[in-house]
Each structure stands twice: as structure tokens, then as C-alpha cells.
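S.K.: Provided below for reference: sequence and predicted model.
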Amino acid sequence: MLVDYTNQLLDEGKSMADAVIQAGRVRLRPILMTTLALIAGMLPIAIGLNEASKQRTAMGVAVIGGLISSTLLTLVVVPAAFSYIERFRRWSLKKAHKLAGIEKLMKQVEAAELKAKTVTIEKEGFSEISK
């Protein structure tokens, strides 16, 4: 969800840093609420209040530790890794386009399309004048 929202912000034209920070701010509350709810649900198992749950205390502690570590990874490591990977992806695409000569080809196609539109507009203008 964090990466998806970051991509949406990037599509809207925000810079990489602004998109990552805003996505982190917006998604912080739902991530923390989910984590805290799961931790609260695992606390009785981790504490081992009765004989039956004393056997499962290790599992409860492990689950709570996993939730805490995954939350920290989600909020810190994922945005950092995403920004590095996205920067590398953009750099590699730019290099690939340059190597393939697509950049020049795209400019030529755009120029040809613009010329075709200009000719069409001029023809329409002449037909309206002659009427």
C-alpha cells in the first residue's frame, strides 16, 4: 500500500522525496493501528495468563517481535529501498533509450506529427476561405 500510494503521487507529478514522505505520513496511521491491534491481540498469549497459554508464550513473543520488526521495515526500509530502486530504474531506462537511439527517433516522430497537424490545419483553413 505504501509503494502503491507513492507511485500514485509520482504519477501526479510530485518529486521522489515529496512522494515518499507524503506516502509515509498518510499511511503511517493505518500501519500503526493494524500493528497495535495485532500486538494487543497477542499479549494474552505472550503473557501466559493460565496453564494452557503458558505453553504458547514463546510463540506470542515471537509473533509480537515479528510484528514490531516488520512495522519498522515497512516504515523505514521499504521507502528507502523504493527510492533507490526507482532512481536506478529511471537511470537505466534513460541509458537504454540513449543506447537504442529511441530519443532521436521519438523527436523525429513528434516533429513529423506536428508537421502533419500543421498541414491539416492549413488545408482546413484554405477550404474554409474558399467557401
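M.R.: Cool, got the structure. The shown structure was predicted, so the numbers you read here are calculated from the model rather than taken from an experiment.
S.K.: Listing request: residues of the chain with sub-threshold pLDDT.
M.R.: 101-105, 113-131 (pLDDT under 70).
S.K.: Which segments of this protein make up each domain?
M.R.: 2-100, 101-131 (automatic domain parsing).
S.K.: from those domains, which stretch is densest packed?
M.R.: domain 2-100 (a mean of 13; mean count of other C-beta atoms under 10 Å). For every residue, glycine as well, the C-beta is placed using N, CA and C.
S.K.: now it, how far from the chain's geometric center?
M.R.: 12 Å (C-alpha atoms, centre = their mean, to the nearest Å).
S.K.: Quote the end-to-end distance of it.
M.R.: With C-alpha to C-alpha, to the nearest Å applied, domain 2-100 spans 34 Å between its terminal residues.
S.K.: Repeat that for stretch 61-80.
M.R.: Termini of stretch 61-80 sit 28 Å apart (C-alpha to C-alpha).
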